[in-house]
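Asker: Quick one: sequence and predicted model below, then my questions.
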Amino acid sequence: MIDAKELNDYILKNHIKMSDTEIQSMIENLDYAGSGKINYTEFLAATIDTLTFINDIKLQSIFSIFDTSNRGIISADDLHHAF
C-alpha cells in the first residue's frame, strides 16, 4: 500500500511536478476500498492497459457467458441464470 505522504515523497524525489491537491485527488480516485491508501489491486486496476487484455474475441466470449438465451442481448433472466 502507498499513502499520500509516501506518494508525495516519491514524486518530490523524482522531480515530478504535482501539487498536493493533485496527489490527494489521485489517491481518492484510485482508492476504491476507502482506506486512504492505494493497494496493489487498485494500482493494477489503474495501470492495466485494457487494450492488451481485452479484444473483440474475449469480449464476445464474456458476453456469451451472460447471454444465456443466445438472443444477442443480456436480459434480467440471463443475468439471473448466469449468476
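Answerer: Good, I have the coordinates.
Asker: remind me which residues of the chain are low pLDDT?
Answerer: Within the chain, the stretches with pLDDT under 70 are 49-51.
Asker: Now do the domain split for it, please.
Answerer: The record's domain parsing of the chain by automatic domain parsing lists 2-48, 52-82.
Asker: How far off centre is the longest one?
Answerer: Distance of domain 2-48 from its chain centroid, counting by C-alpha atoms, centre = their mean, to the nearest Å, is 14 Å.
Asker: same question, stretch 53-68
Answerer: Here stretch 53-68 is found 18 Å from its chain centre; the criterion is C-alpha atoms, centre = their mean.
Asker: May I see the buried residues of that stretch?
Answerer: Of all the residues in stretch 53-68, those buried under the rule 16 or more other C-beta atoms under 10 Å are residue 67. All C-beta spots, glycine's among them, are computed from the backbone N, C-alpha and C.
Asker: Distance of the residue nearest the centre of the chain relative to residue 19?
Answerer: Against the mean C-alpha coordinate of the chain, by C-alpha atoms, centre = their mean, the closest residue is residue 45 at 3.3 Å. Going from residue 45 to residue 19 by C-beta to C-beta, to the nearest Å gives 24 Å.
Asker: for residue 46, same thing?
Answerer: 19 Å.
Asker: Ok, residue 75 next?
Answerer: From residue 75 to residue 19 the distance is 47 Å (C-beta to C-beta).
Asker: Repeat that for residue 66.
Answerer: Taking C-beta to C-beta, one finds residue 66 at 42 Å from residue 19.
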